[in-house]
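> Build me a model from this:
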Amino acid sequence: MLDELKQSRIDKLEKIKKTGSNPFPSKAKRTHTVHDALNDFDILSTNKKIIFLAGRLRTFRTHGALSFADIEDQSGRLQLFFQKDTLGEEKYEFIKNLDIGDFVEASGFLFTTQKGQKTLNVGDYKILTKSLLPLPEKWHGLQDEETRYRKRHLDLIMNEDVRKLFKTRTAFINNIREFLNSDGFMEVETPVLESVPGGAEAEPFVTHHNKLDIDFYLRISLELHLKRLMVGGFEKIYELGRVFRNEGISTQHLQEFTMLEFYWAYADYEELMDFVEKFYTTIIEKTFGTLEIEYQGKILNFKSPWPRVDYREIILKESGVDIDKYPTKATMQELVREKGIKPDPAAGRGRLIDQLYKKLVRPNLFQPCFLINHPIDISPLAKSKADDINKVERLQVLIAGAEVGNGFSELNDPIDQRNRFMKQEELREAGDKEAQMIDENFVEALEYGMPPTAGFGVGIDRLLMILSNQENIRDVVFFPMMKPKTVEKKEEKNNDKK
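Okay, the predicted model is just below:
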């Protein structure tokens, strides 16, 4: 059926060419967007000013010598009115070569129909792009989630709410930049390809540099290069960039996502918490117009002040476990098993504590809060607390049972940093692929001196997913990573053989 519809459009394409018209011209004339035309409708219609619109045909209805269509551009939709008496027989007959989905340029004056609909009385038109495939049916649209992600172009054409969501994403990111820029932060860019990945606990993707004949890693974080810039003398910097983590797929995880990180010299994590709270509330209210956001049937209240939750105390409250009573990897492994969690055999004590926390505690933290006083075991880049060297000056932003922000008083002692990297390297050698590698160049940079610094990072996609009340993080990314159809078909074939 699809092949027949496509062939019908190809036949029309050939007819258009035979008339001497170009079905794919390089230039169009447009004096107004649909929004402009509707916004200035009273003045334009009174003066019967000739305007030019350009956009995609979304409906088409012919009634003898009269035809109606809807034209749509990014700003909105407007009705077109075609008359044989106005266009002439040849031009009116040419309409038969048009289909829903084609792009056209239409000129004429605005008026209001007897039914009260604002309309362009078309005095002339031309085709701008002949579409060869039909759009999905209006009422069925694109319901299949996989198809929506694989063919985002169709999803955007058919679903106005999806287009609005991505406009919100752009506004959200613009508001982030505006907030940081207005506070004196400078936007910078750092390398995507790294010889040593670092700044987070995650398995990296590996790629190969042909000319140098060596492997590189796609960055898993922005952190270590940004800190080098702090060593270099900058005091307030940020980066919005893509990072890549070769880890599991879930409704809250992507292998390629947008990260914001900023660093602030001469500040600590206490000052950072106050700043982050202002950062979130300002951007949320500016983007969404409120600090009360609905998410999955519940209301998130972002009004200040946010509670500050102690890491050890909340685990004790929610699970009955005092993690300080399990000081070794072996004792923590046994505890995790007792709680019904399968421990990662390669994980150190810190990762095991994290498994326990993520399973038994984090899902219960719905309202915005700061999680503080983390064990040093799970924070290899944070500065130890002055009054307790086994805990660090770290904060996590928790919203709706998810981590949507992570910050530290940054570790700037190069000797301490190297020792922590070495412990991470031991975990890697024991099989933990997410443990961090030793970055000697970074440690050397610290040896030149980095001022006391507060740093913060947040995955933009997960935060926006929650704020826009989406169930899946893929919904807020234009083109999420998908398994190729050829791979899926091959797997299905192999399964059939089994």
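
> how much space between residue 22 and residue 332?
With distances taken as Cβ to Cβ, to the nearest Å, residue 22 is found 71 Å from residue 332. Any C-beta I mention is one placed from the backbone N, CA and C, and that applies to glycine too.

> who has more neighbours, these two?
More crowded of residue 22 and residue 332, by other Cβ atoms under 10 Å: residue 332, with 24 against 12.

> and the strand or helix carrying that one, what does it pack onto?
Assigned by DSSP states H and E, residue 332 belongs to helix 329-338. On a contact count with 3 or more Cβ pairs under 8 Å, 6 or more residues apart in numbering; DSSP states H and E, helix 329-338 meets helix 349-360.

> helix, strand or coil for residue 157?
helix (DSSP: H, G, I helix; E, B strand; the rest coil).

> Could I get the full set of strands for the stretch 301-450 of the chain?
308-310, 369-372, 384-385, 388-392, 394-399, 402-409 (DSSP state E, counting those that start in this stretch).

> nearest to residue 215, of those?
Nearest of those to residue 215, taken as Cβ to Cβ: strand 402-409 at 27.9 Å.

> between that closest one and helix 349-360, how big is the angle?
Angle of strand 402-409 versus helix 349-360, following axes from the mean of the first three to the mean of the last three Cα atoms, to 10 degrees, is 150 degrees.

> got the buried residues for strand 402-409?
402, 403, 404, 405, 406, 407, 408, 409 (16 or more other Cβ atoms under 10 Å).

> Of all pairs in the residues you listed, which one is the farthest apart?
Going by Cβ to Cβ, the pair spanning these furthest: 402 and 409, at 23.5 Å.

> For the helix ranked longest in the chain, buried residues please.
Longest helix in the chain, counting residues (DSSP state H): helix 160-182. The neighbour-count check on helix 160-182 (16+ other Cβ under 10 Å) flags 162, 165, 166, 168, 169, 172, 173, 175, 176, 179, 180 as buried.

> Could you export these as TSV, including pLDDT and distance to residue 247?
Below are the buried residues of helix 160-182 laid out as TSV (pLDDT from 0 to 100; distance: Cβ to Cβ, whole Å):
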residue	pLDDT	distance to residue 247
162	94	27
165	97	25
166	97	25
168	98	27
169	98	23
172	98	25
173	98	24
175	98	29
176	98	25
179	98	30
180	98	28
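
> quick one: low-confidence parts of this protein?
Within the chain, the set of residues satisfying pLDDT under 70 comprises 138-143, 486-498.

> domains in this protein, as residue ranges please.
As assigned by automatic domain parsing, the chain contains the domains 2-129, 157-307+367-493.

> ranking the ones you listed by burial, who's on top?
domain 157-307+367-493 (a mean of 17; mean count of other Cβ atoms under 10 Å).

> Quick one: list the elements packing against the longest helix of the chain.
Here helix 160-182 touches helix 152-158, strand 186-187, strand 236-244, strand 256-265, helix 269-288, helix 460-467, going by 3+ Cβ pairs under 8 Å, 6+ apart.

> Residue 367: which of those is closest?
The nearest among those, by Cβ to Cβ, is helix 460-467 at 12.0 Å.

> quick one: contacts of that closest one?
168-169, 172-173, 176, 240, 252, 254, 257-260, 284, 287-288, 293, 295, 300, 399-400, 402, 404-405, 470, 472-473, 475-477 (Cβ atoms under 8 Å, 6 or more residues apart in numbering).

> How far does that helix sit from its chain's centre?
In terms of Cα atoms, centre = their mean, to the nearest Å, the centre of helix 460-467 is set 7 Å apart from its chain centre.

> the inter-axis angle of it versus strand 236-244?
Here the directions of helix 460-467 and strand 236-244 differ by 90 degrees (the same axes, to 10 degrees).

> now the angle from helix 460-467 to strand 256-265?
100 degrees.

> just the CA coordinates of helix 460-467, formatted as CSV?
C-alpha atoms of helix 460-467 as CSV (Å, rounded to 0.1, in the frame of the first residue of the first chain):
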residue,chain,number,x,y,z
ILE,A,460,20.3,18.1,31.7
ASP,A,461,18.2,15.4,30.1
ARG,A,462,17.2,13.6,33.3
LEU,A,463,16.4,16.9,35.1
LEU,A,464,14.3,18.1,32.1
MET,A,465,12.5,14.7,32.0
ILE,A,466,11.3,15.2,35.5
LEU,A,467,10.4,18.9,35.2
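
> and the angle from it to strand 394-399?
Computed by the same axes, to 10 degrees, the angle separating helix 460-467 from strand 394-399 equals 40 degrees.

> Run the angle between helix 460-467 and helix 269-288 for me.
60 degrees.

> got the angle for helix 460-467 vs helix 160-182?
Going by the same axes, to 10 degrees, helix 460-467 is angled at 120 degrees with respect to helix 160-182.
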